[in-house]
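Asker: Quick one, fold the following:
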Amino acid sequence: MYGADSVNDDDSERTAFRKAEKKYRLYYDHSTKSSKRKKQPRPVDLSEVIDFKSVLDSFNRNNELPPGISVLQRDFNQPVFCLENRPGFYFIPGVLSIEEQCQWIKESLTSFPQPPNRTNHNAIYGPIHDLFIAAKERKVFVEEESLSTGLDCNSNFPSGDVNASRWKFSEGSDVLSRGDTRKSVSATVLLRKLRWSTLGLQFEWSKRNYDVSLPHNKIPHGLCQLAKKMAAPAMPLGEEFQPEAAIVNYFGLGDTLGGHLDDMEADWSKPIVSMSLGCKAIFLLGGKSRQDTPFAIFLRSGDVVLMAGEARECFHGVPRIFTDEENAEIIHLEQQFSCEDDLCFLEYIRNSRININIRQVF
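Answerer: Numbers count the residues shown, from 1 in each chain. Just a heads-up that it's a prediction; the model follows:
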C-alpha cells in the first residue's frame, strides 16, 4: 500500500480519490537550472484541509463548530468530533500527552519490530533482532554463507523467514577492513526502510488475512489499556474494545499510503483505533467508492482517529507527510527528546511519522 499506484497523466481517467492524492502528494519544483541547488517542494493549496486543532480551539473558546462537523455527546475526557457525512468516523485531537507520544515512539522503534512480530524485512532478511540498537551503533547487516540448502521441508522457520540463518549484524569497520564481497546493508538503511510491523495476531499481507498459526505475542498491556480507553466513544454501549492485533506504519519523506479499506476484521461495528506520532500528515477520508470526493484532514502527533461501522467501508489513505521545520509541528517532541540518551529517537522522528492502528479481529 506504500507509494503511488500506476499514474495515468490524463486527469479525466482519474477517480476523485486519485485526484485528491495527486493534489496533496509531495512533488518537487524542477524548474531550477542548477542541479546543485536543493530541490524545493512544489507549493500545495492546503486551504480545504480540515484542521481539527483549530476546530477544538474554536469549540473551547466559543462553543462554535464549522458546518458539517458535530461533537459527540458521550462521556469522554475531551471533545470527540464527527463528520456528519461520514457516520462512524471520530476524531480526537491532541488526546495523547507528550509523555505518551514519546513512549510509543520509543516502543515503535525498539520493541514493536522485535520477533516474533513480523515486518516488511522478513521476506528478504528473516527476523531481525534489535534493529534500532544496531542502527544506533552503526552496524552492518551481512549475509553469511548460505545455509538454505541445508533446510528441509520440516524447517521450523516461518514462511518467508528461511534467510534468518544467514544474515548477521557485524561492526561496520570489520566488514570494510576485511574487504569481503559478501552482500551487506547498513542497519541505518534498514531502519529507514522499515515500513510496517505487526503486533498480536499476525496479518498475512499476501493473503490479506490474519494467520493465527504464526507465532505471536499478545499486544503489550499498556497499549491495550490505552486502546480500550480511546475506543470507548465509538463502542456500542455496554461493550469494551478487545485489542487483538495492531499494524504499525512507518513513513519517511515522500512516503504515501494509497487509498484502501481495512476490511479483514469480523465485526465492523468495533472501531479501528489509529494513533498518530511524529510529523504532521494529510489524511484522506473518502466514501464507499473511489469516485466519492474525499475529505482532507490534518493529522498531528497525539491525534487519535476512530473508524467504525459505515466509516469502515470508506476508502482512506495518507498522501503526504510534512518534514520541514515549519509544517512538521514536532517542537514539543524535540523538547521532550532533548537529553543525550534520546537524541537517536529525535533524529528519527524529525523526518518521520508513525501510525499505530489497533484492531479487534474477532
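Asker: wait, residue 216 sits on residue 200?
Answerer: Yes. Using C-beta atoms under 8 Å, residue 216 is in contact with residue 200, at 6.1 Å. Just so you know, the C-beta spots here come from the backbone N, C-alpha and C atoms, and that holds for glycine as well.
Asker: so where's the chain uncertain?
Answerer: For the chain, the stretches with pLDDT under 70 are 1-12, 31-37, 145-165, 172-181.
Asker: Would you mind giving the domain segments of it?
Answerer: 14-109+196-359, 121-149+158-192 (automatic domain parsing).
Asker: Arrange those domains in TSV, one row each, with distance to residue 115 and mean neighbour count as further columns.
Answerer: Supplementary listing: the domains of the chain in TSV, determined by distance: least, C-beta to C-beta, whole Å; neighbours: other C-beta atoms under 10 Å:
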stretch	distance to residue 115	mean neighbour count
domain 14-109+196-359	8	17
domain 121-149+158-192	4	16
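Asker: need the strands for the stretch 101-250 of the chain, in chain order.
Answerer: Along the stretch 101-250 of the chain, counting by DSSP state E, counting those that start in this stretch, strands occupy 139-143, 167-171, 184-186, 196-200, 203-204, 209-210, 245-252.
Asker: Looking at those strands, spot the one closest to residue 88.
Answerer: The closest of the strands of the stretch 101-250 of the chain to residue 88 is strand 245-252. By C-beta to C-beta, the value is 19.4 Å.
Asker: Can you tell me what sits against that closest one?
Answerer: 108, 112-113, 192, 194-203, 210, 219, 223, 227, 257, 278-279, 281, 318, 321, 323, 351-359, 361 (C-beta atoms under 8 Å, 6 or more residues apart in numbering).
Asker: Could you give the bridge partners of the residue nearest the centre of the chain?
Answerer: Nearest to the mean C-alpha position of the chain, counting by C-alpha atoms, centre = their mean, stands residue 249 at 2.6 Å. Taking DSSP bridges as the rule, residue 249 bridges to residue 196, residue 355.
Asker: quick one: it from residue 203, how far?
Answerer: 12 Å (C-beta to C-beta, to the nearest Å).
Asker: wait, residue 78 sits on residue 95?
Answerer: Yes. Using C-beta under 8 Å, residue 78 is in contact with residue 95, at 6.2 Å.
Asker: Residues that sit against both of these two, list them.
Answerer: Contacts common to residue 78 and residue 95, judged by C-beta under 8 Å, 6+ apart, are absent.
Asker: Identify the residue nearest residue 23 in space, chain neighbours excluded?
Answerer: residue 44 (7.1 Å; C-beta to C-beta, 6 or more residues apart in numbering).
Asker: List the residues that contact the one you found.
Answerer: Per C-beta under 8 Å, 6+ apart, neighbours of residue 44: 23, 24, 320.
Asker: Which of the residues you listed sits closest to residue 130?
Answerer: residue 320 (31.6 Å).
Asker: ok, which stretches of the chain are helices?
Answerer: Counting by DSSP state H, one finds helices in the chain at the ranges 16-24, 52-62, 98-110, 122-125, 131-136, 172-178, 187-192, 221-231, 325-328, 331-336, 343-349.
Asker: Just the residues contacting the second one, thanks.
Answerer: Read it as helix 52-62. 64-66, 69, 71, 79, 81, 91, 93-94, 297-298, 300, 303.
Asker: let's see it at 10 Å
Answerer: Outside helix 52-62, the residues within contact range by C-beta atoms under 10 Å, 6 or more residues apart in numbering are 51, 64-66, 69, 71, 78-79, 81, 91-94, 280, 297-300, 302-303, 305, 329.
Asker: possible to save the contacts of residue 44 as CSV with distance to residue 166?
Answerer: Below are the contacts of residue 44 laid out as CSV (distance: C-beta to C-beta, whole Å):
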residue, distance to residue 166
23, 45
24, 42
320, 38
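Asker: Out of these, flag the one nearest to residue 40.
Answerer: residue 320 (15.5 Å).
Asker: In this structure residue 347 contacts residue 337, no?
Answerer: Yes. Using C-beta atoms under 10 Å, residue 347 makes contact with residue 337 at a distance of 9.0 Å.
Asker: will you turn the strands of the stretch 101-250 of the chain into CSV that also has distance to residue 99?
Answerer: CSV is the format used below for those (distance: least, C-beta to C-beta, whole Å):
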stretch, distance to residue 99
strand 139-143, 30
strand 167-171, 31
strand 184-186, 32
strand 196-200, 21
strand 203-204, 29
strand 209-210, 32
strand 245-252, 19
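Asker: Tell me which of those sits nearest to residue 119.
Answerer: Taking those one by one with C-beta to C-beta, strand 196-200 is closest: 4.5 Å.
Asker: May I have that closest one exported as PDB, CA atoms only?
Answerer: What follows is strand 196-200, C-alpha atoms only, in PDB (Å, rounded to 0.1, in the frame of the first residue of the first chain):
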ATOM      1  CA  TRP A 196       5.400  -1.800   8.900                       C
ATOM      2  CA  SER A 197       5.400  -4.200  11.800                       C
ATOM      3  CA  THR A 198       2.600  -6.300  13.200                       C
ATOM      4  CA  LEU A 199       1.700  -6.900  16.800                       C
ATOM      5  CA  GLY A 200      -0.600  -9.500  18.300                       C
END
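Asker: got the angle for that strand vs strand 245-252?
Answerer: 160 degrees (axes from the mean of the first three to the mean of the last three C-alpha atoms, to 10 degrees).
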